[in-house]
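Student: the following comprises the amino acid sequence and a computationally predicted model.
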Amino acid sequence: MAAHLIVSTTTDSEESARELAAKAVEASLGACAQIVGPITSVYRWEGEVHTDPEWRVEIKTAQDRVAALVDLLKANHGYDVPEIIATPIEGGSTEYLDWVITETR
């Protein structure tokens, strides 16, 4: 697995997105987080197709912090089954990626 990842989740409000982002950074489980939104999500839930506005939270982290970050997001998320996806970062600025490691210690 890559040494650096982006962990993404979506939520139903900007306030909730800000809270998740802040908790992740305050706990040193993410070096930084960006909030994107509103976006439109189309999904099936309990047999019905829904279309709703959501806000995406993208958290940059180190591989060894992903499990704890996922646990934190699940514990603080308002959804029954939140989207939580980890995507490897395959390259980039060495200085930035070093900073991600430093900030997640």
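Tutor: Alright, I've got the coordinates.

Student: CA atoms for contacts and neighbours, from now on please.
Tutor: Noted.

Student: and the contacts of the host helix or strand of Ile59?
Tutor: Per DSSP states H and E: Ile59 is located in strand 48-62. Applying CA atoms under 8 Å, 6 or more residues apart in numbering, the set of residues contacting strand 48-62 from outside is 3-14, 17, 20-21, 24, 29-44, 100-101, 104.

Student: kindly recompute the last result at 7 Å.
Tutor: 3-14, 17, 21, 29-44, 100-101, 104 (CA atoms under 7 Å, 6 or more residues apart in numbering).

Student: buried sites along it?
Tutor: Across strand 48-62, burial judged by 16 or more other CA atoms under 10 Å covers 54-62.

Student: mind giving me the packing neighbours of the next helix or strand after it?
Tutor: Downstream of strand 48-62, the next assigned helix or strand under DSSP H and E is helix 66-76. If you count contacts as 3 or more CA pairs under 7 Å, 6 or more residues apart in numbering; DSSP states H and E, helix 66-76 packs onto no helix or strand.

Student: go again with 10 Å.
Tutor: When contacts are defined as 3 or more CA pairs under 10 Å, 6 or more residues apart in numbering; DSSP states H and E, helix 66-76 sits against strand 4-11, helix 14-26, strand 48-62, strand 84-88.

Student: for Ala68, which of these is the nearest?
Tutor: Nearest of the helices and strands packed on helix 66-76 to Ala68, taken as CA to CA: helix 14-26 at 9.6 Å.

Student: over to the residue lying farthest from the centre of the chain: give its phi and psi.
Tutor: Residue farthest from the centre of the chain, counting by CA atoms, centre = their mean, is Gly47 at 26.2 Å. Reported as degrees, to the nearest 10, the phi and psi values for Gly47 are phi 80, psi 0.
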